[in-house]
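# Mind folding the following:
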Amino acid sequence: MGTIVGKDRQPQPPSKTLARSITVKSNASILSSDYYDPTEESNVSVSNLIVSSLSFNIHNAVTYEQALTNMWQNMPNKPRLSFEDAFKAEPTTVVEFWKLIRDTSYKSDVIGVSKMSRARRWKTIRLFVSSTFRDFHAEREVLVKKVFPELRIWCEARRFHLVDCDLRWGVPKDTTSEKTIRICMSELDRCYEDNIRPFFLNMISDRVGWIPPVEEISSSLAREYGWIKNASVTEMEIIHGAIRKYNPNALFMMRDPSYLHNMPDNVKQDFIEEDDEAIEKVKALKTCLRARFKPENIIRYQCEYSHIDPATGRSVMTGLYGDNSVFAKKVLEHFKHRISKQYPMNCKSMSLEEACDESHETFLVSRSSAVFGRDAILQLIQDYIFEQNDHTMLTVCGEAGAGKSAVIAKSAEITIGKLNQRYHLIGKKKWTTFYHFIGAVPGSTDIGNLIQRFLKRMEYKGEIPTDMDALIRLMANVLSSTSTKPVIIFIDAINQLDDNLHAQLMTWLPQEPSPNVKIIVSVITDTIYHKNLMLRAKKPKELNCDSLEMEARAEIVKQSLAKFNKQLDEEQMAKLLSKKGSSNPLWLSIACEELRIFGIFDKVTEKIDGLADDVVSLLEQILMSFEQDIGGSLLVATVCLLECSRYGLLETELLSILGGIGDELDSGTFETIGTINGNLTFDESRPLPAAMWAIIYRSLRPYLRPCGDSGEGRLDFYHRSVSKAVRKRYFSGEESHRKQQYIKWHKILAGYFETADNIDRKAEELPYHLEKLDDPNRLARCLLDWPVFMKLSKEENNSNLLKFWSMIGGYDVAAHWYEKALAKLEQEDGINGALAEKKESVTRFLCRAGQLSAAKGMIEEVIDIETSLLGKRNEELADLLQLSAEIHSEMIRLEGFIGNRLHKNHLTVIELARNSIKHRKSLTSREHLFQLGKTELLLALHCGGLARTELTETNDSRPKYKNEADIHCQNALRTFEKLADIGHVAECYMTSAVFICELGSDIQLETYKKAYNLCKQAYGDDHILMLRIQNNMGIMYEHKKEYQLAYQHYKRWYEICINVLGPKHPKTTMAYKVLLQPKFKNMTNEQNSQQQDQSQSTLILENLDD
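Here you go, the predicted model:
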């Protein structure tokens, strides 16, 4: 048994008719094998078999072992008996007992997971440990301290979290028998849920364990688990975890009886049964396991009794661990093999994007499974989607818990189904869908992550900026562009976006989406997000998730309780539905959960009367009852840790943290935990005991959800209302007290993640907690930790890295410290590939941070390492040389781009770009073709720059560079046309117009118009390429002395700079200065004087002028 203190007593004697002993002499000898062989037992006490009613043939059976073996070999394919019928039966022999189990079992493996889906990101492996209690202390110690740590290391190398479910202590002694049993069986249920087939380890010797009295087994428990009368808890664990649904993941370790030879008689009483009937049950269990399972699932091992440990009073056994140990070796071998077979590693791993998409899909499936009383609103959403001429956005509004997420999920599911069958329904276009459930997946509340995920899903061809302002504007442009592929967008809970101005202003959602874009969002009524949407000049359409009708409320209650064989009578149902909160689906589901677990039937009506009337108050009420029922400090610590985490916590993390602060909780210093800096230690080998966690988890489970992939094992609150209730109960009061509470838990979490080995989680959580603690020194040390930096510097996380450095000194400070860190690394380890990799990552980060001078020197060092030490690899050199060229190019742009003093700088870019192309041409992937096109375009740009420069230091001719610019521009154009990348095609035309066409010519004007139209089609009106086109067209018209047209383009250039780059950007200042030239400033003043309500552009100009 995942055995519990206080429950591992002598078995209650089975019915006296269960056995009438006979003695059977066995002629078989004991086999020397690792596989268990029952012939070790020569004299056995067996029952007088009454088998005339049995359906199997035992005419030739000499012993009851043969009868049991024949029974399993001749079992039916499917169960013959229901669980309820099996519990009603009164078995009088061990054969009849096991026949009931056989007749409620499947013959073979019925769980179709012989080959699981491809390996994915971190997955939780739950390993359930079952045995009797007091005779297996030694084995469990070896498992916990030796075997499982080794298996855990093996698992983590394959991105698995190992959770060993060892319930040997932690359940209070006064816990009822039924609750004790449910703790054990529900842990097995979790193993089924997380791994489909449980990873199950049973250790068996010469005891059968605790047999709960029949009167303590309720009918509901019996029906749920198919309890057989006279079964011990250990037997039922084996039956539920391995036998009834044949489980090849199960391993049975059978201890050889030779350990008894050196054991004193007074010690043996803890290791053997004295009751004949209990002895017989043990023998029958071993026989049935041997008949049911393959030899590799049943291992016999030897160990020896040594002495009693005076400190613990427990028997010390030797031979369980070491080179010659069968026990440890076979446990490791079996579970490594079974985990590898169920989750093979030779399959392609999911990318982060694929894993994120799967997590959102999982949430969609869960939320759309049961939607009641919302048929009308679901139909209205479908009407909006399939109406061709409706180009507004649609919002689904309602109070918290009104069922908006379910409506969005169900609408997405319905739409996907329709599009899969009849995609031409909307204007004969092939539409796709994009759905994003904010708060359902780690990172989903970040507006930047949402936008980047959408752009990647839509295969956006342009560069995705890291600057948040630019990203917001790009999203709005894409959603309003007619070139965007037809897409139906579902975004749930926009009010749960991270609390910042970008999210609140909602400027990333255009007032009038493209005809190719349908947008459906949900939002809580009267939040700032909802108000900002309703203040728009063109308001979105609005649908309200109103109060549920009585019929829908009743259906929710019936369905919720029926799953657990419960129902309310008419009076109770009427009383529940008359409660004010019953109009809210979330309130109803929480209330039903409270009633389900309420154990006093004749007080159910009183319980209903006492339910609070709003969601948050009801949840607070539940938290209070949990504190009283299952231990206050541990429960409070769990919910506070989850509340203060960034994106939820892995179960293994929670157990380690709770184990680390356990002494503080027990000693009553709970309130001062957070004030003790550095005194807390977190040891993964000493987590919170599984039995204690099982109690907490079982109570909190209805209010938690797996965050992201359901198998990852990350827990978080399943609804924002739970978070509100936690804040109301544990983080309220005076501001100073509230702040102190947050600091306490953030300090604990920071302390844990500071020493964490899981770099993905450390990078995700630690900087966040240090930011909350306002601890810039520790945050800087964290960001300078190489594994953390390498994780945060990746494309999907770099915006966080930039944000954190901006908070603790800025990007120039970051450049200084990374340079020092690299110098120290080089001094300690020398120059090698690892150093080059880090320098390249730092270079790319410095580029994004605008630290171009530092980036320029560093990329030169990386190129030198690659060419001198690492073999001049084509792919690496192509990327490095292109990056160096881009850095030099950006530096030239900041200096004005055209001018004699920049002549050598242009030549440097050209040389680097040509070398990059030389290495890139042998590479054939689509990504390399795209990068090749970008490098050709860069060459065209700088050859064109040289052609426009008055050369005084060389004999090179301007026509030569103009011709080269034309050749590279055409090369780039052909490449991007092949890739169908119209955004970069537009840039090719603009480059050609600037550097190839004669200034002011008709062909230059036509080329600019091509660039303009393609840019608008690709990116919309506000994009960095568009501002370059507008600027250059202004230059063209100014050259032609058509000042009014020049002014219009310069003005538009300035407006786009404001929208894309912001008012303080150097390019915005440059555009402003052009408009302040006398010939253009007069035009500005004339236009402004004609406008009584001054335009935004005028106001910004005046502010800048001031």
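# And the helix or strand containing T180, how far out from the chain middle?
Here T180 sits within helix 177-195, counting by DSSP states H and E. Taking CA atoms, centre = their mean, to the nearest Å, one finds the center of helix 177-195 at 24 Å from the center of the full chain.
# Next: stretch 931-942.
How far stretch 931-942 lies from its chain's middle: 39 Å, per CA atoms, centre = their mean.
# So which residues make contact with that stretch?
With contacts defined as CB atoms under 8 Å, 6 or more residues apart in numbering, stretch 931-942 is touched by 878-879, 882, 885-886, 889, 892, 906, 909-910, 913-914, 916-917, 920-921, 964-966, 968-969, 971-972, 975-976, 979, 981, 984, 987-988, 991-992, 995. Backbone N, C-alpha and C define where each C-beta goes, glycine included.
# Can you give the domain ranges for the protein?
According to automatic domain parsing, the chain comprises the domains 46-111+123-342, 352-544, 556-613, 618-774, 776-872, 877-1020, 1023-1106.
# circling back to that earlier point, what is the subsequent helix or strand relative to the helix holding T180?
strand 199-204.
# give me phi/psi at G373?
phi 70, psi 20 (degrees, to the nearest 10).
# Lowest average pLDDT across the domains of the chain?
Per-stretch mean pLDDT for the domains of the chain is lowest at domain 1023-1106 (a mean of 76).
# next one: it to chain centre, how far?
What separates the centre of domain 1023-1106 from the centre of its chain is 46 Å, taken as CA atoms, centre = their mean.
# before we move on, what about stretch 87-106?
That offset, for stretch 87-106, works out to 44 Å (CA atoms, centre = their mean).
# hang on, I695 in a strand?
No. According to DSSP: H, G, I helix; E, B strand; the rest coil, the state of I695 is helix, so it is not within a strand.
# ok, back up a step: list just the one of the domains of the chain that sits closest to M550.
Shortest distance between M550 and these, using CB to CB, is found for domain 556-613: 6.0 Å.
# need the contact list for D492.
Here D492 is in contact with 404-405, 408-409, 435-438, 440, 521-522 (CB under 8 Å, 6+ apart).
# at 6 Å instead, please
Counting by CB atoms under 6 Å, 6 or more residues apart in numbering, D492 makes contact with 405, 408, 437, 522.
# Which entries within the contacts of stretch 931-942 meet the buried criterion?
Buried members of the contacts of stretch 931-942, counted by 16 or more other CB atoms under 10 Å: 878-879, 882, 885-886, 889, 892, 906, 909-910, 913, 916-917, 920, 964-966, 968-969, 971-972, 975-976, 981, 984, 987-988, 991-992, 995.
# Go through these and flag which are in helices.
Mapping the buried ones among the contacts of stretch 931-942 onto helices (DSSP state H) picks out 878-879, 882, 885-886, 889, 892, 906, 909-910, 913, 916-917, 920, 964-966, 968-969, 971-972, 975-976, 984, 987-988, 991-992, 995.
# rewinding a little: using JSON lines, lay out the domains of the chain together with distance to M550.
Listed next are these as JSON lines, based on distance: least, CB to CB, whole Å:
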{"stretch": "domain 46-111+123-342", "distance to M550": "29"}
{"stretch": "domain 352-544", "distance to M550": "9"}
{"stretch": "domain 556-613", "distance to M550": "6"}
{"stretch": "domain 618-774", "distance to M550": "20"}
{"stretch": "domain 776-872", "distance to M550": "47"}
{"stretch": "domain 877-1020", "distance to M550": "49"}
{"stretch": "domain 1023-1106", "distance to M550": "51"}
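# helix, strand or coil for D323?
D323 falls in the coil class when you classify it by three-state DSSP.
# State the distance from it to T1084.
Per CB to CB, to the nearest Å, D323 is found 87 Å from T1084.
# When these two are compared, which one has more neighbours?
Remark: of D323 and T1084, T1084 carries more neighbours, 18 against 6, as counted by other CB atoms under 10 Å.
# I'd like to check which residues are in contact with that one.
Contacts for T1084 (CB under 6 Å, 6+ apart) come out as L1075.
# that's a strand at it, yeah?
No. Per three-state DSSP, T1084 lies outside any strand segment and is helix.
# Please tell me how far it sits from L1076.
For T1084, the distance to L1076 - CB to CB - is 8 Å.
# Also F598?
75 Å.
# One more: Q1017?
33 Å.
# Tell me which of these two has more neighbours.
More crowded of Q1017 and L1076, by other CB under 10 Å: Q1017, with 16 against 13.
# does the more buried one really touch T484, like I thought?
No. With contact defined as CB atoms under 6 Å, Q1017 and T484 do not form a contacting pair (9.5 Å).
# about what we covered before: contacts for the helix holding T180?
2, 4, 7, 124, 126, 128, 165, 167, 198, 212, 216, 218, 221, 225, 240-241, 694, 698.
# Flag every buried residue along it.
177, 179-192, 194-195.
# Next, the angle strand 199-204 makes with it.
140 degrees (axes from the mean of the first three to the mean of the last three CA atoms, to 10 degrees).
# For helix 177-195, C-alpha coordinates in CSV please.
This file holds the C-alpha atoms of helix 177-195, laid out as CSV (Å, rounded to 0.1, in the frame of the first residue of the first chain):
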residue,chain,number,x,y,z
SER,A,177,-10.9,4.5,6.8
GLU,A,178,-12.7,5.7,3.7
LYS,A,179,-10.7,8.9,3.5
THR,A,180,-7.5,7.0,3.9
ILE,A,181,-8.5,4.7,1.1
ARG,A,182,-9.6,7.5,-1.1
ILE,A,183,-6.3,9.2,-0.7
CYS,A,184,-4.5,6.1,-2.0
MET,A,185,-6.9,5.4,-4.8
SER,A,186,-7.2,9.0,-5.9
GLU,A,187,-3.4,9.2,-6.3
LEU,A,188,-3.6,6.2,-8.6
ASP,A,189,-6.3,8.0,-10.5
ARG,A,190,-3.9,10.9,-11.0
CYS,A,191,-1.4,8.4,-12.4
TYR,A,192,-3.9,7.3,-14.9
GLU,A,193,-4.8,10.9,-15.8
ASP,A,194,-1.2,12.1,-16.2
ASN,A,195,0.3,9.0,-17.9
